[in-house]
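K.L.:
3D model of this:
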Amino acid sequence: MHPDLERVLIDTATLQNRVQALGTAIAQTTVNAPELVLVGILKGSLIFMADLMRSIEREVSYDCIAVSSYGASTESSGVVRLNKDLDLDIAGKHVIIVEDIIDSGLTLKYVHDLLLRRNPAALEICALLNKPERRNVNVQVDYRGFDIPNEFVVGYGLDYAERYRNLPYIGVLSPRVYT
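P.N.:
Residues are numbered from 1 along each chain as shown. Now for the predicted structure:
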């Protein structure tokens, strides 16, 4: 375990098993859907989306969108800014937004509403982690990995000030690191 962590919240094997189950569920529920496109929200969803995509046993394409609301803080600023838009046209396609963690829901609602205006055939959400007690905005999550407590977590793509993304598990960051 990394010395900056209080504990491992979700170990590597548990993560991989759940990602595989999510991929299987997506493949089954979209089997008759038009072209499937995963849209990852950068940077945090990158590792999750790569593993998820490999676990979906059907043709799938992907693109990424970059938004920011955290910076180097542990709390969302509440203001979402678009940093990188999609390259793909998603009109008429079955789109699944892939998010690492849903906290307040503000970022995800922003991205959902933005993509909905582009006329996809379907628009769903897949989130690895969900913090229900932090929710400020209601968002419909179609595929969910884990509900977690209100703790600051890192690893498997999630960061604090661009650190810890490479950890193969999800860990609770010690407050001494960010206070």
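
K.L.:
so what sits opposite the spatially closest residue to A25 that is not a sequence neighbour in the bridge?
P.N.:
Leaving aside its chain neighbours, A25 sits nearest to Y143 (6.0 Å; criterion: Cβ to Cβ, 6 or more residues apart in numbering). C-beta here means a position set from N, CA and C on the backbone, and glycine is covered the same way. When assigned by DSSP bridges, Y143 has beta-bridge partners C126.

K.L.:
mean confidence for the biggest helix by length in the chain?
P.N.:
The helix that spans the most residues within the chain, counting by DSSP state H, is helix 12-29. Per-residue pLDDT values over helix 12-29 give a mean of 98.

K.L.:
check which residues of the helix or strand following it are buried.
P.N.:
Once helix 12-29 ends, the next helix or strand along the chain (criterion: DSSP states H and E) is strand 36-42. Residues of strand 36-42 classed as buried: L36, V37, L38, V39, G40, I41, L42 (neighbour count, 16 or more other Cβ atoms under 10 Å).

K.L.:
buried residues of the longest helix of the chain, list them for me.
P.N.:
Across helix 12-29, burial judged by 16+ other Cβ under 10 Å covers L15, V19, L22, G23, I26.

K.L.:
farthest pair within the residues you listed?
P.N.:
The distance between the two most remote of these (Cβ to Cβ) is 16.4 Å, for L15 and I26.

K.L.:
for G145, which non-adjacent residue is spatially closest?
P.N.:
Nearest non-adjacent residue to G145 (Cβ to Cβ, 6+ apart): L128, at 4.1 Å.

K.L.:
do L88 as well
P.N.:
D63 (4.4 Å).

K.L.:
please name the strands paired to the host helix or strand of that neighbour in the sheet, noting orientation.
P.N.:
Using DSSP H and E, D63 falls within strand 61-68. According to DSSP bridges, strand 61-68 forms sheet pairs with strand 36-42 (parallel), strand 81-84 (antiparallel).

K.L.:
let's see it as CSV, backbone CA atoms only.
P.N.:
Below are the C-alpha coordinates for strand 61-68, written out as CSV (Å, rounded to 0.1, in the frame of the first residue of the first chain):
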residue,chain,number,x,y,z
SER,A,61,-15.5,2.9,-30.5
TYR,A,62,-14.5,5.6,-28.1
ASP,A,63,-13.7,9.2,-27.7
CYS,A,64,-12.8,11.5,-24.8
ILE,A,65,-14.0,14.8,-23.4
ALA,A,66,-12.1,16.8,-20.9
VAL,A,67,-13.8,19.0,-18.3
SER,A,68,-12.5,20.4,-15.1
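
K.L.:
SS state for the residue nearest to G145?
P.N.:
Using DSSP: H, G, I helix; E, B strand; the rest coil, the structure places L128 in strand.
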